[in-house]
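Colleague: Sharing a sequence plus its predicted fold:
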2 protein chains.
Amino acid sequence: MSESAEGLPLADRLAREIRAMLISGELMPGERLSEAAVSARFAVSRNSLREAFRLLTKDGLLRHEANRGVFVAVPTMATIIDIYRVRRMLECAALRQAWNGHPAIRAMRAAVEEADRARRGADWPGIGNANMAFHAAVVDLADSARLAEFYTRIAAELRLAFGLLHDQEHLHAPFVDMNASILALAEAGHFAEAADEMSRYLDLSERTLLKSLEQAG
Amino acid sequence: MSESAEGLPLADRLAREIRAMLISGELMPGERLSEAAVSARFAVSRNSLREAFRLLTKDGLLRHEANRGVFVAVPTMATIIDIYRVRRMLECAALRQAWNGHPAIRAMRAAVEEADRARRGADWPGIGNANMAFHAAVVDLADSARLAEFYTRIAAELRLAFGLLHDQEHLHAPFVDMNASILALAEAGHFAEAADEMSRYLDLSERTLLKSLEQAG
DNA sequence: AAGTCAAGATTGTTCAACAAAAATATCTAT
DNA sequence: ATAGATATTTTTGTTGAACAATCTTGACTT
């Protein structure tokens, strides 16, 4: 399904693979990525790898220290707070100016159903993915390619923060129902109320995450 | 004043220089950037230049075609519309949730005064710069590093679009007064009204730009 | 004028090299 | 033994050259 990597420049493919490893927790925050080691791991040249590193650094997923190398970024409380500030602005505004029958609403519904399925199957990563898909779909309501791309960058950074947590299993599950209620409001055309509900969702989610992070830190 | 380029990686410095050339119109939309020519021009290796190209491509300022090279991005009507959609969301929301005495308001005032000075001196590029500074300051009201960085990327893309225009001299001048009135409302603590005024500003600015682009196209 | 095919030029990627900086190990002197 | 100074090793930063793959150009044919 995700064989869409052919023809792209090597640096892009590399960045994609490393990004997946960062999001999945295979690479831990703070970890150092040696050019020699990683380029050997992927069987590519150091030069190509450096191009990929630049991309990921620009995404905020890696951190570049001069003459010392690149490290997996370490999200802090400030990071989380900033990300949620962005989410509040983007997601609430997107909902508030949405219109009836927008294609993104179908995507929202699909994500909610997928999350429900995953929850019934106790598939925690599946819930996380579906949750992310739901909120990306919300941003798509704004009909802006640049906004959507920006949001995926932010979402990746957020998922990196999840890597800091010990048991993130039950972190998404309680929110499936809130997503469903946001969806219901949107489908009924009550976009202002949907935005308000989203605001509550984000407050709650942020607080939960910050608390988990504090305990894990 | 802008000697802040020491110590940074070469690719970053290169990207910054090329970005400046793109914004200043020294490089025109559609133009092809040959790796050999540009790397010779800056006296750097092709490898380093390619890193810089990747950065700028990610910023939307360059366009990468496989096996064909990189070109200066060509903004279209769709680009403008998307950028203004982003601006409306960011700038209006930032104003609406601003608070009295926010440091960014001082920056807004400084930009307005600078624009006024530039207009009196018939310094058109100066007006453009001050105008950009004003709107960046508005976004700073949101207190989000990620949002601010995103906005500078969008602003750079917008300035690239100005490059398509023949006489952009009088494009910013009429808006100096609107900025001043937005500032006045913000300083008086009337943030909702300021946001509404900003919305009108953006509508007008977008329409003006689209029309100019149509005539120049 | 349209199509074919052989140069010619450009990108994509790798490798090897070396200077500069940082990390690590070694050696004092107290 | 410990703190500090020095030498050694490892890494990053950057370059130049090389070569395959691909695109462009231009000559040649029909």
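Modeller: On my side now, so go ahead.
Colleague: after the helix or strand containing residue A:177 comes which helix or strand?
Modeller: Per DSSP states H and E: residue A:177 is located in helix A:176-187. Where DSSP H and E defines the elements, the next helix or strand beyond helix A:176-187 is helix A:191-216.
Colleague: which residues does the nearest residue to residue A:62 once chain neighbours are set aside contact?
Modeller: Leaving aside its sequence neighbours, residue A:62 sits nearest to residue A:56 (C-beta to C-beta, 6 or more residues apart in numbering or on different chains; 4.5 Å). Using the backbone N, CA and C atoms, a C-beta is placed for each residue, glycine as well. By C-beta atoms under 8 Å, 6 or more residues apart in numbering or on different chains, the contact set of residue A:56 is A:15, A:18-19, A:22, A:62.
Colleague: Under a three-state scheme, what state does the residue located most distally from the centre of chain A occupy?
Modeller: Residue farthest from the centre of chain A, counting by C-alpha atoms, centre = their mean, is residue A:67 at 29.8 Å. When classified by DSSP: H, G, I helix; E, B strand; the rest coil, residue A:67 comes out as coil.
Colleague: if I look at it, how far off is chain B?
Modeller: Separation of residue A:67 from chain B (C-beta to the nearest C-beta, to the nearest Å) stands at 9 Å.
Colleague: Put the alpha carbons of the helix holding residue A:177 into PDB.
Modeller: This file holds the C-alpha atoms of helix A:176-187, laid out as PDB (Å, rounded to 0.1, in the frame of the first residue of the first chain):
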ATOM      1  CA  VAL A 176     -11.900   8.400  20.500                       C
ATOM      2  CA  ASP A 177     -15.300   9.400  21.900                       C
ATOM      3  CA  MET A 178     -14.500  13.100  21.800                       C
ATOM      4  CA  ASN A 179     -13.500  12.800  18.200                       C
ATOM      5  CA  ALA A 180     -16.800  11.100  17.500                       C
ATOM      6  CA  SER A 181     -18.700  13.900  19.100                       C
ATOM      7  CA  ILE A 182     -16.800  16.500  17.200                       C
ATOM      8  CA  LEU A 183     -17.600  14.600  14.000                       C
ATOM      9  CA  ALA A 184     -21.200  14.400  14.900                       C
ATOM     10  CA  LEU A 185     -21.400  18.200  15.400                       C
ATOM     11  CA  ALA A 186     -19.600  18.800  12.100                       C
ATOM     12  CA  GLU A 187     -21.900  16.400  10.200                       C
END
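Colleague: How far does that helix sit from its chain's centre?
Modeller: With C-alpha atoms, centre = their mean, to the nearest Å as the basis, helix A:176-187 stands 19 Å off its chain's centre.
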